[in-house]
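Chemist: Next comes the sequence, and after it the predicted model I'd like to discuss.
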Amino acid sequence: MSNRSVQQADLAALQAAYPHLFSVRWATRAKAVGLVLSVLGLFIFGLIWLGFSPMAIIHGAERLRIILGLMFPPSAGELFPTYVKALAQTLAIAFLGTLLASLIAFPLSLLAARTVVNQGVVHFFARRWFDAICGVDTLIWALVFINVVGLGPFAGILAVAMSDVGSFGKLFSEVIEAADRKPVEGIVSTGGSRSHRLRFGIVPQVLPIFLSQVLYYFESNTRSATVIGIVGAGGIGLYLSNEINQQNWDHVSFIILMILITVATIDFVSARIRQLIYSPK
Amino acid sequence: MARIAPLIRQQRVDLLLRDYERSVSEKRQRRIASGLGFLACVLIAAWVGEVDLARFAAGIPRFWSYFYDITPTLRLAHLSEDISEWYWNGWFWVELLLETLLVAYVGTLAGAGIGFCLCFLTSANILNAPVLTFVVKRSLEFCRTVPDIVFALLFVYAIGLGPIPGVLAIAIHTTGALGKQFSEVVENIDLKPVEGLRSTGADWFAQIRFAVLPQVISNFVSYGLLRFEINVRGATVMGFVGAGGIGKELLSSIRQFYYSDVSAILVMIVLTVSLIDLFTEKLRHRFLDIGLPQ
């Protein structure tokens, strides 16, 4: 061991042997630098256009510090039962909204799946329609439904359902298209009808996947349902924005904590259920 | 039966049938029980959520009539006049949409930058500092669990009305979301290049730059673009709380029943979101193609 000395690599010989590894490719490098510069350039342009000023940020940070100081300790005062009720309403909105969306999206997704309805036109329009619904945020739907059914959690349920019909429709139809054709062919070979093919060939394959996707969206809807109240569609969001407007910062932090705990619990429970779906027992 | 009987004794058949019946009925009972539990959940949720079927039934025709009301009157004979009347405020809305896109862009890039720096701190295979990793992971979790619009409400109060609170809110939420996704990518890399570099005496930053980054960058870009799509949707409603973008205009036109304005803005939003989706999908495919194979 001690006799051996570390040999320096013969850099010159290596360079001579593998010139292409050492030469700088200017074209590639210029492209990369140009890309980074244009991304950063747009960023700086954005900051200027949006009126970004360091002074405003520093000033805001100072106020934020004061607000954060007032947030501790979090307390709900006498309103604790009200908040719990509002949070339960939030969960109900997420639950019923997701349920309603999956019930509506299931038949629609069959229409949008190329393997079920082999009609290019139907397929195309169903997809575009889902995309359009998806592109509109839940809060916008909430505003629209408030005009339709009035203020309250019911508008929230419909808003959550509406925006999820788009996402579910897209996801479900993709799952259906990816389903294995062999069970369907088997049913065709035994003389099964069209509905038999769906019921026994496709549904058993896709149902567990649908279920886990629905659960996943339930988690994400719990998050959106917490803010839906800001526009008046029920749930804890109404109290959150009220308390912010009235500057009851200890109440604000309490509500945020409640939201965090609820979301974490829902995430945990639904992750467990999803595990069960994929590996029963 | 007659042919099976010599092979399997009747007793055995009875046993099999009984076992089958039992397992089927167990399954059926379990199904009924979980179905009832689910139904109970639905009923409780409906009660808490103040679901009123009568109100819903009354609402359905109003739902359709609302969409009928917001549909603009477009006549084929003078289509261009009708469209220019529909989009009487078009350029202003385009400007607001551009602002929305910029809010999403700046917020996403800022959040991605911070998330990028933090993700190496949360990956146990790159950095052995359990306390730091724990703290950073929990803060990222906080950032992504609080909805961005809640941050926007707070920042509007602290900084004042305008797009900057929206940018900050989106940046914080993006930091949380992308920080987690980035660190998951980093946790799954092949460690051999890192070891190779370490054996040559490269320091931690060189290891990140030459061993980790080439493996993860294409995934990072792809996740960043996906987040940008999500943030464009999020930025359209930032205006609801006064944090910039098209949302404020949409809010006031919905609240004040300017029907044709509602549909004009909604159509613009849907078109923009679809265009952005198409564009980022193209970009994502390109980056995944030129990126290193996983």
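Modeler: On my side now, so go ahead. Numbers count the residues shown, from 1 in each chain, chains lettered A, B, ... in the order given.
Chemist: From residue A:50, how far off is the closest residue to chain A within the stretch 51-200 of chain B?
Modeler: For the stretch 51-200 of chain B, the residue closest to chain A is residue B:159, as judged by C-beta to the nearest C-beta, at 3.6 Å. Using the backbone N, CA and C atoms, a C-beta is placed for each residue, glycine as well. With distances taken as C-beta to C-beta, to the nearest Å, residue B:159 is found 12 Å from residue A:50.
Chemist: Quick check: closest non-adjacent residue to residue A:250.
Modeler: Spatially, and ignoring its direct neighbours in sequence, residue A:250 is nearest to residue A:75 (4.6 Å; C-beta to C-beta, 6 or more residues apart in numbering or on different chains).
Chemist: And the pLDDT for that neighbour?
Modeler: Note on residue A:75: pLDDT of 80.
Chemist: Let me see the contact set for the residue of the stretch 51-200 of chain B closest to chain A.
Modeler: By C-beta atoms under 8 Å, 6 or more residues apart in numbering or on different chains, the contact set of residue B:159 is A:56-57, A:59-60, A:63, B:165, B:168.
Chemist: now those: which count as buried?
Modeler: Buried by 16 or more other C-beta atoms under 10 Å in any protein chain shown: A:56-57, A:60, B:165, B:168, out of the contacts of residue B:159.
Chemist: next one: the longest helix along chain B to chain centre, how far?
Modeler: If you go by DSSP state H, chain B has its longest helix at helix B:10-48. Centre-to-centre, helix B:10-48 and its host chain are 37 Å apart (C-alpha atoms, centre = their mean, to the nearest Å).
Chemist: And the strands in the stretch 151-294 of chain B?
Modeler: With DSSP state E, counting those that start in this stretch, there are no strands along the stretch 151-294 of chain B.
Chemist: Point out where it drops to low pLDDT.
Modeler: Applying pLDDT under 70 to the stretch 151-294 of chain B flags the ranges B:288-294.
Chemist: So which residues on it come close to chain A?
Modeler: Contact residues (C-beta under 8 Å from any C-beta of the partner chain) of the stretch 151-294 of chain B with chain A: B:153-155, B:157-160, B:162-164, B:167, B:233-234, B:236-237, B:240-241, B:244, B:250-251, B:254-255, B:257, B:262, B:266, B:269-270, B:273-274, B:277.
Chemist: quick check: angle from whichever helix or strand comes after the longest helix of chain B to helix B:10-48?
Modeler: Counting by DSSP states H and E, the next helix or strand C-terminal to helix B:10-48 is helix B:53-70. Going by axes from the mean of the first three to the mean of the last three C-alpha atoms, to 10 degrees, helix B:53-70 is angled at 70 degrees with respect to helix B:10-48.
Chemist: show me the contacts for residue B:125.
Modeler: When contacts are counted by C-beta under 8 Å, 6+ apart, residue B:125 touches B:186-187, B:189, B:191.
Chemist: measure it to residue B:197 for me?
Modeler: Residue B:125 is 14 Å from residue B:197, by C-beta to C-beta.
Chemist: cool, residue A:24 as well?
Modeler: To residue B:197, residue A:24 is 20 Å away according to C-beta to C-beta.
Chemist: So the two - more neighbours on which side?
Modeler: In this view residue A:24 and residue B:197 are compared by other C-beta atoms under 10 Å in any protein chain shown, and residue B:197 has more residues nearby, 19 against 7.
Chemist: The more buried one and residue B:206 touch, don't they?
Modeler: Yes: taking contacts as C-beta atoms under 8 Å, residue B:197 lies within contact range of residue B:206: 6.4 Å.
Chemist: pLDDT score for the residue most central in space within chain A?
Modeler: Closest residue to the average C-alpha location of chain A: residue A:220 at 5.7 Å, with C-alpha atoms, centre = their mean. Looking at residue A:220, its pLDDT is 87.
Chemist: Kindly report the same for the one 3 residues further on.
Modeler: pLDDT recorded at residue A:223 is 87.
Chemist: The one 3 residues further on now?
Modeler: Residue A:226 carries a pLDDT value of 89.
Chemist: list the contacts for it?
Modeler: By C-beta under 8 Å, 6+ apart, residue A:226 lies in contact with A:90, A:235-237, A:240, A:259, A:262-263, B:147, B:150.
Chemist: which of the residues in the helix or strand where it lies are buried?
Modeler: Element membership for residue A:226, per DSSP H and E: helix A:203-227. Buried residues in helix A:203-227, counted by 16+ other C-beta under 10 Å: A:205-206, A:209-210, A:212-227.
Chemist: How about stretch A:183-191?
Modeler: Buried positions in stretch A:183-191, judged by neighbour count with 16+ other C-beta under 10 Å: A:184, A:187.
Chemist: For that stretch, what does the pLDDT average out to?
Modeler: 87.
Chemist: try stretch A:159-173
Modeler: The predicted model assigns stretch A:159-173 a mean pLDDT of 89.
Chemist: for stretch B:51-61, same thing?
Modeler: Rounded mean pLDDT across stretch B:51-61 is 76.
Chemist: interface residues of the stretch 151-281 of chain A facing chain B?
Modeler: A:152-154, A:156-157, A:223-224, A:226-227, A:230-231, A:234, A:240-241, A:244, A:247, A:252, A:256, A:259-260, A:263-264.
Chemist: how about a cut-off of 10 Å?
Modeler: With C-beta under 10 Å from any C-beta of the partner chain as the criterion, the stretch 151-281 of chain A meets chain B at residues A:152-158, A:162-163, A:223-228, A:230-231, A:234-235, A:237, A:240-241, A:244-245, A:247, A:249, A:252, A:255-256, A:259-264, A:267.
Chemist: next one: the least confident helix or strand in chain A by mean pLDDT to chain centre, how far?
Modeler: Of all helical and strand segments in chain A, the minimum by mean pLDDT, DSSP states H and E falls on helix A:19-22, at a mean of 76. Helix A:19-22 sits 45 Å away from the centroid of its parent chain (C-alpha atoms, centre = their mean).
Chemist: quick one: buried residues of the helix or strand just after that helix?
Modeler: Helices and strands here follow DSSP H and E; after helix A:19-22, the next one along the chain is helix A:26-49. For helix A:26-49, a neighbour-count test (16+ other C-beta under 10 Å) marks A:43, A:46-47 as buried.
Chemist: And these, which is closest to residue B:92?
Modeler: Closest approach to residue B:92 among the buried residues of helix A:26-49 (C-beta to C-beta): residue A:46, at 19.2 Å.
Chemist: and that closest one, how far is that from residue B:222?
Modeler: Applying C-beta to C-beta, the value for residue A:46 to residue B:222 is 22 Å.
Chemist: picking up where we left off before, just to be sure, which of the contacts of residue B:159 are found in helices?
Modeler: Cross-referencing those against helices under DSSP H gives A:56-57, A:59-60, A:63, B:165, B:168.
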